[in-house]
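Chemist: Turn this into a structure:
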Amino acid sequence: MRGIPNRPLGISAVRRLIGSVVGVAGSFQKSGKAIGGDSRDRHGVHDTCTAWRAPTISAGDTYLSVSVPNARTTDLGGLPSSSGHTSSTSPQGMTTEQTTQNATTFAGLGIDTDLVEELDSQGITSPFPIQEMTMEDALAGRDITGKAETGSGKTLAFGLPMIMHVTKGRPKRPQGLVLVPTRELAVQVTKALTPLLALRGLVAVSVYGGAPMGPQTDALDKGASIVIATPGRLLDLMERRALLPSDIKIVAIDEADQMADMGFMPQVRAIMSQIPEQRQTFLFSATLDHQVKELIDRYMTDPVNHEVESETETVDTMEHRFLKVHYMDKAKVVTELSQHNDRILAFTRTKAGADRLSRDLRELGVNAAPIHGDLPQNKREQSLRRFADGDVNVLVATNVAARGLHIDGVDVVVHFDPPDDPKTYLHRSGRTARAGEDGLVVTLVEWDQVNEVLGIQRRAELNVPIVKMFSNDERLADLAAWEPPPEEAPFKAKSIKKRKRRGF
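Modeler: Got it, this is the predicted structure:
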């Protein structure tokens with residue numbers, strides 16, 4: 001854009017620039033023109049992409065401020081602008097001295113009154129940081145990338161603007177699309193958006209594999225405003241012309257990094273290539289790695305990047321315990337933990353392992369149920385519902401449940417089988433200590449897994465002793481309160497400092 005010098009701008013200049021952009025967007029909205037229309041019209045302005053390190057807050061807190069101890073800018077790596085030029089680093093590197101963000105309400109963010117009242121009736125009164133950060137740009141029609149931990153409120157961050165932008169859909173022609181990696185997440189997002197859409201007489205339909213296609217096509221024929229879909233089933237419906245993408249004007253890709261991990265990128269690219277270019281695109285994820293960056297480069301126009309990061313990736317409210325156990329005693333350890341905690345989510349590496357652990361726990365008198373990809377969808381939903389209602393004490397899962405799902409009140413996450421890498425460890429562990437609540441993460445380590453687990457600890461920046469323990473150990477009654485001896489920590493301060501200096 002002409003007139004913007006190739007040097008850092010002062011805070012007042014940045015505010016004037018952002019104000020002018022928002023003003024233009026507002027005038028378009030008042031005149032009835034589509035916001036987020038032709039993406040080729042949205043170019044020439046390079047926004048500051050600020051990452052906030054947000055404090056931990058609980059779901060019920062009414063927080064007064066969001067402190068920003070280390071505001072920084074994020075360079076999206078020279079995203080191609082719609083004018084055909086590559087955005088330079090300098091304009092995107094503009095910084096502002098952001099120290100404190102006053103708390104606000106959904107109404108203050110511009111959310112319509114009827115939606116605010118429905119949220120209030122659900123006990124949702126204060127926006128989470130990712131919602132507060134993204135809402136203005138989202139309502140103005142900007143493309144957005146949002147990086148935040150699981151359980152940080154990403155669903156409403158894209159769901160509220162989408163609901164405000166769509167109208168009643170024509171048969172087979174939805175206007176909003178949400179892409180998710182798993183069936184469970186599709187059901188969860190649909191459940192969150194349905195009461196808000198119902199206020200306006202609108203409908204959301206979830207489509208996913210493992211369920212009959214007939215009811216899904218029937219719902220699309222009746223006219224859905226928003227479709228929440230897994231990539232494989234959506235592509236199948238599009239190929240059958242049961243869903244026509246010509247009216248889609250707003251897209252959200254949720255948990256994009258898990259989509260990449262599960263090998264869905266070819267399907268996602270095939271879907272995005274058929275959606276009209278005149279659209280607004282959101283991409284929300286816990287991490288933004290290489291394959292996700294490819295989606296941003298290819299399908300988004302000058303996106304504004306917002307990040308909410310904890311001070312450490314291992315959430316501060318988690319307590320980590322690593323227990324060295326005997327193979328034949330592992331199920332009994334989980335049984336003992338279940339006697340002192342209401343909800344336990346246990347992870348195994350394989351589907352057969354999940355079935356086996358569930359069976360072993362039931363034989364030991366524990367109400368347990370498995371959830372994995374080989375189970376019919378109705379069985380998976382039943383297991384989740386029973387776990388949420390408290391009828392099931394231990395839910396045994398493969399990594400299908402490690403991302404995206406919002407399961408309230410998980411007291412303990414048990415890595416029955418240690419994960420393969422620190423990323424999986426963090427994703428699994430993130431099922432507890434959500435939205436600032438306390439949580440316990442327990443990893444069961446067999447004798448031949450010690451070195452593997454130490455490698456995960458090192459890369460996850462943990463330094464927790466691996467303590468030998470049997471199922472009759474009294475410490476299992478309150479494992480969170482028991483502190484492992486610090487002198488038994490596997491890594492010494494000197495070696496940690498040396499690794500950090502070397503960059504690993």
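
Chemist: make it CA atoms for all contacts and neighbour counts henceforth
Modeler: OK.

Chemist: Distance check, the residue nearest to residue 379 when sequence neighbours are not counted against residue 360.
Modeler: Leaving aside its chain neighbours, residue 379 sits nearest to residue 371 (8.0 Å; criterion: C-alpha to C-alpha, 6 or more residues apart in numbering). Applying C-alpha to C-alpha, to the nearest Å, one obtains 15 Å for the distance of residue 371 from residue 360.

Chemist: Between those two, point out the one with more neighbours.
Modeler: For the pair residue 371 and residue 360, the greater number of neighbours falls to residue 371 (26 against 16), based on other C-alpha atoms under 10 Å.

Chemist: and that one, what is it in contact with?
Modeler: 354, 379-380, 383-384, 395-398, 400-401 (C-alpha atoms under 8 Å, 6 or more residues apart in numbering).

Chemist: Please report phi then psi for it.
Modeler: Residue 371 has phi and psi values of phi -150, psi 120 when expressed as degrees, to the nearest 10.

Chemist: Which residues does it form beta bridges with?
Modeler: Under the criterion DSSP bridges, residue 371 forms beta bridges with residue 397.

Chemist: Tell me the spacing between it and residue 356.
Modeler: Counting by C-alpha to C-alpha, the gap from residue 371 to residue 356 is 12 Å.

Chemist: that older thread, the contacts of residue 371 in strands, which ones?
Modeler: Secondary structure of the contacts of residue 371 is defined by DSSP state E; positions in strands are 395-397.

Chemist: can you pull out the strands in the stretch 51-200 of the chain?
Modeler: According to DSSP state E, counting those that start in this stretch, the stretch 51-200 of the chain carries its strands in the segments 65-67, 72-73, 100-102, 144-147, 176-179.

Chemist: In three-state terms, label residue 442 for me.
Modeler: Per DSSP: H, G, I helix; E, B strand; the rest coil, the secondary structure class of residue 442 is strand.

Chemist: got the buried residues for stretch 367-379?
Modeler: Taking 16 or more other C-alpha atoms under 10 Å as the neighbour-count basis, stretch 367-379 is seen to contain the buried residues 367-373, 377.

Chemist: So which of those is the closest to residue 390?
Modeler: Set against residue 390, the nearest of the buried residues of stretch 367-379 by C-alpha to C-alpha is residue 367 (9.6 Å).

Chemist: Name the spans of the stretch 301-450 of the chain whose pLDDT lies under the cut-off.
Modeler: Low-confidence segments of the stretch 301-450 of the chain, defined by pLDDT under 70, are located at 309-317, 400-406, 433-437.

Chemist: Try it again at 90.
Modeler: Screening the stretch 301-450 of the chain residue by residue with the criterion pLDDT under 90, one finds the ranges 307-318, 371-385, 388-389, 398-410, 420-439.

Chemist: Strands of that one, start to end?
Modeler: Here the stretch 301-450 of the chain has its strands, by DSSP E, counting those that start in this stretch, at 304-309, 318-324, 344-347, 368-371, 394-397, 412-415, 439-445.

Chemist: distance between the helix or strand following the last one and the chain's centre?
Modeler: Reading on from strand 439-445 to the C-terminus, the next helix or strand found by DSSP states H and E is helix 450-459. Averaging C-alpha positions (C-alpha atoms, centre = their mean, to the nearest Å) puts helix 450-459 25 Å from its chain's average.

Chemist: Then stretch 357-368?
Modeler: On C-alpha atoms, centre = their mean, the centre of stretch 357-368 falls 31 Å from that of its chain.

Chemist: got the buried residues for that stretch?
Modeler: By neighbour count, and taking 16+ other C-alpha under 10 Å as the criterion, the buried residues in stretch 357-368 are 357-361, 366-368.

Chemist: Most widely separated two among those residues?
Modeler: Taking C-alpha to C-alpha, the two most distant members of these are 357 and 367; they sit 11.6 Å apart.

Chemist: right, and residue 168 touches residue 220 too?
Modeler: No. The pair residue 168 and residue 220 fails to qualify as a contact (C-alpha atoms under 8 Å) at a distance of 11.9 Å.

Chemist: Looking at those two, which one has more neighbours?
Modeler: The residue with more neighbours, out of residue 168 and residue 220, is residue 220; 28 against 17, by other C-alpha under 10 Å.

Chemist: who's in contact with the more buried one?
Modeler: Contacts for residue 220 were tallied using C-alpha under 8 Å, 6+ apart; they are 171-174, 205, 242-243.

Chemist: how about 6 Å then?
Modeler: When contacts are counted by C-alpha atoms under 6 Å, 6 or more residues apart in numbering, residue 220 is found next to residue 172.

Chemist: what does the one 5 residues further on give?
Modeler: Shown in contact with residue 225 (C-alpha under 6 Å, 6+ apart): 168-169, 174-175, 203.

Chemist: top of those residues by neighbour count?
Modeler: With neighbours set by other C-alpha under 10 Å, the maximum within the contacts of residue 225 is found at residue 174, which has 28 neighbours.
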